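In: with the input below, show me the fold.
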Amino acid sequence: MFTETKNDHKIEFRGGMYGILLPFVVLFIGIILLSIKGHAMPMAFWVPALAAMLTALIMAQNPTQCADLIIKGMSSEMVSIMLMAWFLAGIVAQLMKETGLIQGIIWLSITIGLKGAFFPAITFLCGCMLSTATGTALGTVIALAPIMYPVGVAMGANPPVMLASIVSAAYFGDNIAPVSDTTIASAYTQGVGVAQVVRSRLKYAFVSAGFATVMFLLMGGTGKNVEPDLSFVGELSPKGLLMMIVPALLIFLMYRGVNLIVAIMSAGSVGIVLGLVSGLLPLSRLLVVDMDTFSVQGVLVEGIMSLVDIAIFAMFLMGLVNLLDKGGFFDALINKLSKYTETHRSAELAVAAIDVILCILTVANSVAIVMEGPIAKKLLVEKHGIARDRSANILDAVSCAAMCLIPYGFAPLLAIMFAAGSGAPVNFSVNAVCLYSFHGWGLAIVMLFAMLTGWGRNFEPAEQIDNKAG
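Out: This next block holds a predicted model:
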């Protein structure tokens, strides 16, 4: 049990802000070294994360308080919800794997003559519609990655491009969906209506999505005229297509605004019943206990275990992020960079830079937007008179671009974990997923162009700057 400290909301480190940043330097160096060696996997990230925690305890003036804050960050409500959703999603993914849905979709694709090179582009466009309808980036990855990745790879699609199309699609909708948490956060922190910001940001999103679609078409295949690789698939049969009811139900529930955990658990429960009744899932596969080896297997256990790697890394990371928050680093960062904002261009670039740094440190773009929102409003709207929707668009678009491209971001890591659990070959690291996340690159380039040239920059009527509610 951790103890309460007298100064529970403020922690000091030896060396001031340099001391509080040192654990993250250790973490990032470890991740970079693993990435260079091609070992960028969530379980490998545990080691630099633990080294970062040890560094934090050494640098903290009060190690006990430091440990308490790490534990509180690891046990936050956001982490609990995220992990619960992932574990349930792992069960659904394992269920789809065992009941033959992947084999059914591959059978259908071969029957209608669909080429693997088109799979990434098709998946991206379908994923864009899904993420826009549901407003959830991780929900889109959960719905698509376990099914579309093995199907695309079996049909001859480029494996990392296939996963990147799913990650890209996830953040397309996260950027423009009216029900997205980032859309709502960016709008309300700038004091502007959601409908207005959605309308004003479509031009940026569509230009980037158009670029991404072309790139997925060009890079979607392996560049070889080969027959579909079915070596990892097993016997093809249309019987598994019955299980399409499960992801369809999940998408429908998310579209209706049902809580993500409720939606996943409901879809999973229906899937288990459907699998048992149809004979696609043997009852004996629900739970397998082997007392000879003291091991437990089965659909439920194996589904949860497939995502333990990323869950533990997420807990470690969120514990470290809490130290930055309680140590005052985020406030100091925002105050430091906000000084370099004498022109419209420099102000927008400063807000974008802070946005990227916060996303790198928190790995949660909605959190980054909420943290930076007030200072962005002060710098862009109140100081320079830049329109509120423009300010909101910079916050949201830049953060969504960043989340596509951060190798230890939860969407790329979650996608590669689902890919590994699908049975399809994964002979690449998460770095390749980020490299081919063309919508992320496109959105970053589009927003940089908009800030440098002033494209889309509009201004708030002077009388509304002080009177409009924030």
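
In: for the protein, longest helix please?
Out: helix 194-219 (DSSP state H).

In: so for that helix, what's the average pLDDT?
Out: Averaging pLDDT along helix 194-219 gives 94.

In: for stretch 303-310, same thing?
Out: 86.

In: what about it, distance to the chain center?
Out: Centroid displacement of stretch 303-310 relative to its chain, using Cα atoms, centre = their mean, to the nearest Å, is 16 Å.

In: for stretch 100-115, same thing?
Out: 28 Å.

In: buried residues of that stretch, list them for me.
Out: 100, 101, 102, 103, 104, 105, 106, 107, 108, 109, 114 (16 or more other Cβ atoms under 10 Å). C-betas here are computed from N, CA, C, even on glycine.

In: quick check: which element contains the most centrally placed residue in the chain?
Out: For the chain, residue 411 is the residue whose C-alpha lies nearest the centre (Cα atoms, centre = their mean; 2.8 Å). Element membership for residue 411, per DSSP states H and E: helix 410-421.

In: got the CA positions of the very next helix or strand once past that helix in CSV?
Out: On the C-terminal side of helix 410-421, the nearest following helix or strand under DSSP H and E is helix 430-435. What follows is helix 430-435, C-alpha atoms only, in CSV (Å, rounded to 0.1, in the frame of the first residue of the first chain):
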residue,chain,number,x,y,z
VAL,A,430,6.2,-0.7,-35.0
ASN,A,431,8.5,1.8,-36.6
ALA,A,432,7.5,0.6,-40.0
VAL,A,433,3.8,1.2,-39.1
CYS,A,434,4.6,4.8,-38.3
LEU,A,435,6.7,5.2,-41.4
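
In: list the helices and strands helix 430-435 packs on?
Out: Packing partners of helix 430-435 (3 or more Cβ pairs under 8 Å, 6 or more residues apart in numbering; DSSP states H and E): helix 159-176, helix 410-421.

In: just to revisit the earlier point, report the inter-axis angle for the helix holding residue 411 versus helix 159-176.
Out: Comparing the axes of helix 410-421 and helix 159-176 via axes from the mean of the first three to the mean of the last three Cα atoms, to 10 degrees yields an angle of 140 degrees.

In: packing partners for helix 410-421?
Out: helix 77-98, helix 137-154, helix 159-176, helix 308-326, helix 388-405, helix 430-435.

In: deepest of those helices, which one?
Out: Mean neighbours per residue, mean count of other Cβ atoms under 10 Å, is largest over those for helix 159-176, with a mean of 30.

In: please spell out which residues along the helix or strand following it are buried.
Out: Beyond helix 159-176 on the C-terminal side, the first helix or strand identified by DSSP H and E is helix 181-190. If you call a residue buried by 16+ other Cβ under 10 Å, then helix 181-190 has these buried ones: 181, 182, 183, 184, 185, 186, 187, 188, 189, 190.

In: on the pLDDT front, check the last one for me.
Out: The one in question is residue 190. pLDDT recorded at residue 190 is 91.

In: what of the fourth one?
Out: Looking at residue 184, its pLDDT stands at 87.

In: who's in contact with it?
Out: When contacts are counted by Cβ atoms under 8 Å, 6 or more residues apart in numbering, residue 184 is found next to residue 194.

In: and the last one, by the same measure?
Out: By Cβ under 8 Å, 6+ apart, the residues touching residue 190 are 197, 373, 376, 377, 381, 388, 389, 391, 392, 395, 470.

In: circling back: looking at the helices and strands packed on helix 410-421, which is closest to residue 342?
Out: Residue 342 lies closest to helix 388-405 among the helices and strands packed on helix 410-421, at 17.0 Å (Cβ to Cβ).

In: flag the shaky bits of the protein, pLDDT-wise.
Out: For the chain, residues meeting the criterion pLDDT under 70 lie at 1-9, 222-234, 462-470.

In: and the angle from the helix holding residue 411 to helix 308-326?
Out: Here the directions of helix 410-421 and helix 308-326 differ by 170 degrees (the same axes, to 10 degrees).

In: helix 410-421: how far from the chain's middle?
Out: With Cα atoms, centre = their mean, you get 10 Å for helix 410-421.

In: hmm, who's touching that helix?
Out: 41-42, 82, 86, 89-90, 93-94, 97, 137-138, 141-142, 145-146, 149-150, 159, 163, 166-167, 170-171, 306-307, 309-310, 313-314, 363-364, 403-404, 406, 426, 429-430, 433-434, 437.

In: quick check: angle from that helix to helix 137-154?
Out: Going by the same axes, to 10 degrees, helix 410-421 is angled at 40 degrees with respect to helix 137-154.

In: backbone dihedrals for residue 297, please?
Out: phi -130, psi -160 (degrees, to the nearest 10).

In: phi, psi of the closest residue in space to it that isn't next to it in sequence?
Out: Nearest residue to residue 297, sequence neighbours excluded (Cβ to Cβ, 6 or more residues apart in numbering): residue 288, at 4.2 Å. Residue 288 adopts backbone torsions of phi -120, psi 110, taken as degrees, to the nearest 10.

In: OK, contacts around residue 288?
Out: Residue 288 makes contacts with 296, 297, 298, 301, as judged by Cβ under 8 Å, 6+ apart.

In: what number of residues lie near the last one?
Out: When you say that, I think you mean residue 301. Using other Cβ atoms under 10 Å, residue 301 is surrounded by 18 other residues.
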